[in-house]
Every structure is written in C-alpha cells, then in structure tokens.
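Participant: the sequence and its predicted three-dimensional model are supplied below.
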Amino acid sequence: MRELGGPSNFTKNGNFEPRHFASPLNCTMATQSSPLLNLKRNLQQRWKMIRFNLSASNNPLFIGFYRNFYNPKKGSLSDFLSQYSKSKPGNFRVVQIGANDGITHDPIHKFIKRDDWKGVLLEPQPDVFHEFLTKIYAKNKGITPLCAAIGEKDGSQPIYKVGFSSMRWATGLASFSKEKIEQAFEDGIVASNCKRFGIEIPADQSQWISQEEVQVIAPATLIQTYGLDHIDLLQIDAEGYDLEVIRIFDIPKTRPQAIIFENVGLNAADYAACLQLLEEQNYQLKKFGPNTLALQKPLGQFASFFNA
C-alpha cells in the first residue's frame, strides 16, 4: 500500500505533540452538561441501540418499513440507490470500503437489508468490526464483513485514531494519516464532539492518538477470494483518502457499474482528480451533498438523476 502519511507532530517515542490550539474548546476538562442535555443524549443512545438491534435481528417491522413504506426524496441519492437496487433484484453485488459500524450515517445499509444485497464490507478497525459490523450483518448470509483496509498489496499498515473514545464520531475519524487526526484536534472537531457528548479529554496528551496495525488486502485478492464476478456498487468512505482508494481499486480493470465516494474530506485538487479519473473511464458524475455518485454510461433509466 502506498505511504499515506506525511510530516507529523509525533516524537521519536511515538507521543503526539500538538501544534498551537487556538480554539477554547480544546481543553482537557470535562464539559458541564445540563440534566436536559444528558437526557437528550441518553434518549439518542437508546434509540440508536434499539435501531441497531432491530436491524441486526432482521426484525420484520424494520425490514417491512423499508420494503413497504420508505419513500426517499425524489431525485436524491437515496432515491437513486432505491431504484438502482430494485433494478437488480436478487443479484446486487456491493463492495464497501470503510463500513464502520454498518448503520450510522451509512447511505446503503437500509438497501442491503431491504433487498438482500450480497458482497463484501471492509472495516479495518478491529474493535468496531467485532462489536458492531459483524453483529449487524450476522443474519445476512450474502454479506461478508472483512476486517481489512484496501491497498495496493496484501499486508498490513498502521491506522491512527482518537485514543480515548470508541464512539461513532471518534471511530469515524480513524485514518492511515497521522496528520488527519492531528488536524481533527487542531480544528476543534475532537473537542466539539467531546463537549457534545460530555467526554473529558485526557490531560496526558500521549493518550490523544493511538495506532494499531491492521490487515490490508489488494483489490485483485479481494475479487478472487470472494468470487466477485461483477460489482454493482463500490461504496467508499475513506476519511479523505477516497481518491487514493479509487486509484488503488484499479477502475479500468474492476469496472464497478456505480461508485459513491465522500467529497467532503477531499481538497479541490483531489476532488478534481477524482472527477477526471472517472470521466476518463466513461462515468457520469453528480454531486449529492457530501457524496458524489459516478455511474457508467449509458445511463439508461437513471439519466434523470444527472440532470442539472
């Protein structure tokens, strides 16, 4: 896999030494929370677990809602996914890069469950993988969760993450770049989430960022091992490394019919490079908020989604 990191603020002994933090949110003291705010957080966490358990058990009410009553906004990315999925009944193949817990802020989860997709979902963080991803898809026999990252070659690589929280906002920041995590501290992203959820930032700065070695699998190995004779959707959430994943996945050879990647973590140059790479491979592209959809031409029945 390519070296994804760059210059960092880590000392030789591996400790993180932050640059100057201008934001007053970057404090090490716990945020005082009102009883009303605590109640709201508790209710949100309870609902999150209820929803997770309903999905993990393939509860008929949960599945039935999406099969019979779910009506996404016309022209939205969810509308595209709903129609696209229904156009390939029983034979939909997906590869997801960066599946995390499998449900939170996941644009494809409901369709995997509703339409019984098949495929491989990659999540490199072992704790998230074992605690959430494997459980939520345990009853979906066509789905294979894989604790790995995608890379140019099979092997392993260190991943960096917030070291003192395993909440979804924290695991979602995990990256192969030390700088990405450092930047999350500098920009106040970590501090604002800690304030929101009443988490104390450790006074010991060596606890702020942790790293662990994770498995890396090459696209060719992935496709051969799991018998992916075609890919209807390549879904990418790589925390700013979506361009790198697209390059590594070797689009001219793998030819996913549709690709969805996050654009919010990409700078202008990287986003332009994504567009150019995919347009050269005969994809039509459309931005839907934080995500961008690429679909192979001809667009057929889905042309209306790409109209201005």
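Facilitator: On my side now, so go ahead. Residues are numbered from 1 along each chain as shown.

Participant: for the rest of this, base every contact and every neighbour count on C-alpha atoms.
Facilitator: OK.

Participant: which elements pack onto the worst-scoring helix or strand of the chain on mean pLDDT?
Facilitator: In the chain, no helix or strand scores lower on mean pLDDT, DSSP states H and E than helix 168-171, which sits at a mean of 81. For helix 168-171, the elements it packs on are strand 155-162, judged by 3 or more CA pairs under 8 Å, 6 or more residues apart in numbering; DSSP states H and E.

Participant: list the contacts for residue 138?
Facilitator: Counting by CA atoms under 8 Å, 6 or more residues apart in numbering, residue 138 makes contact with residue 56.

Participant: ok, residues contacting the strand or helix carrying residue 43?
Facilitator: Taking DSSP states H and E as the definition, residue 43 sits inside helix 35-56. Applying CA under 8 Å, 6+ apart, the external contacts of helix 35-56 come out as 62, 63, 103, 113, 135, 136, 137, 138, 139, 197.

Participant: and the last one, how far from residue 204?
Facilitator: Distance from residue 197 to residue 204, counting by CA to CA, to the nearest Å: 20 Å.

Participant: higher neighbour count, those two?
Facilitator: Set residue 197 next to residue 204 and count neighbours by other CA atoms under 10 Å: residue 197 wins out with 17 against 10.

Participant: buried residues in the helix or strand where residue 216 lies, which are they?
Facilitator: Secondary-structure element containing residue 216, defined by DSSP H and E: strand 209-217. Neighbour counts over strand 209-217 (16 or more other CA atoms under 10 Å) mark 209, 210, 211, 214, 215, 216, 217 as buried.

Participant: mind putting these in CSV, pLDDT included?
Facilitator: Shown next, in CSV, are the buried residues of strand 209-217 (pLDDT from 0 to 100):
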residue, pLDDT
209, 92
210, 89
211, 91
214, 94
215, 96
216, 96
217, 97
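
Participant: and of those residues, the nearest to residue 83?
Facilitator: Closest to residue 83 out of the buried residues of strand 209-217 is residue 217 (31.1 Å), distances taken as CA to CA.

Participant: circling back to that earlier point, which of the residues in the helix holding residue 43 are buried?
Facilitator: 52, 54, 55, 56.

Participant: the second one and residue 156, how far apart?
Facilitator: By that I understand residue 54. 34 Å.

Participant: before we move on, the earlier item: just the ones of the contacts of helix 35-56 in helices?
Facilitator: In helices, defined here by DSSP state H, the members of the contacts of helix 35-56 are 62, 63, 113, 135, 136, 197.

Participant: neighbour-wise, which of those leads?
Facilitator: Most surrounded of the ones in helices among the contacts of helix 35-56: other CA under 10 Å gives residue 136, at 23 neighbours.

Participant: that residue and residue 102 touch, don't they?
Facilitator: Yes - if you go by CA atoms under 8 Å, residue 136 and residue 102 touch, sitting 6.9 Å apart.

Participant: ok, now which ones touch residue 291?
Facilitator: So residue 291 contacts 260, 261, 262, 263, 264 (CA under 8 Å, 6+ apart).

Participant: residue 122 too?
Facilitator: Counting by CA under 8 Å, 6+ apart, residue 122 has contacts 95, 96, 97, 98, 99, 145, 146, 147, 148, 149, 150.

Participant: could you redo the last one with a cut-off of 10 Å?
Facilitator: Going by CA atoms under 10 Å, 6 or more residues apart in numbering, residue 122 touches 95-100, 102, 129, 133, 144-150, 216-217, 236.

Participant: just the terminal-to-terminal distance for stretch 285-294.
Facilitator: First-to-last distance for stretch 285-294 - CA to CA - comes to 4 Å.

Participant: that older thread, looking at the contacts of helix 35-56, which is nearest residue 298?
Facilitator: Using CA to CA, the contacts of helix 35-56 come closest to residue 298 at residue 113, 27.9 Å.

Participant: wait, the closest one sits on residue 63?
Facilitator: Yes - counting by CA atoms under 10 Å, residue 63 is a contact partner of residue 113 at 6.7 Å.

Participant: ok, the spatially most central residue of the chain to residue 119 distance?
Facilitator: The residue lying closest to the centre of the chain (CA atoms, centre = their mean) is residue 237, at 3.4 Å. According to CA to CA, residue 237 stands 16 Å off from residue 119.

Participant: ditto for residue 251
Facilitator: From residue 251 to residue 119 the distance is 17 Å (CA to CA).

Participant: residue ranges with poor pLDDT in this structure?
Facilitator: 1-33, 308 (pLDDT under 70).

Participant: got the domain ranges for it?
Facilitator: Following the assignment in automatic domain parsing, the chain carries domains at 1-30+155-217, 70-150+222-306.
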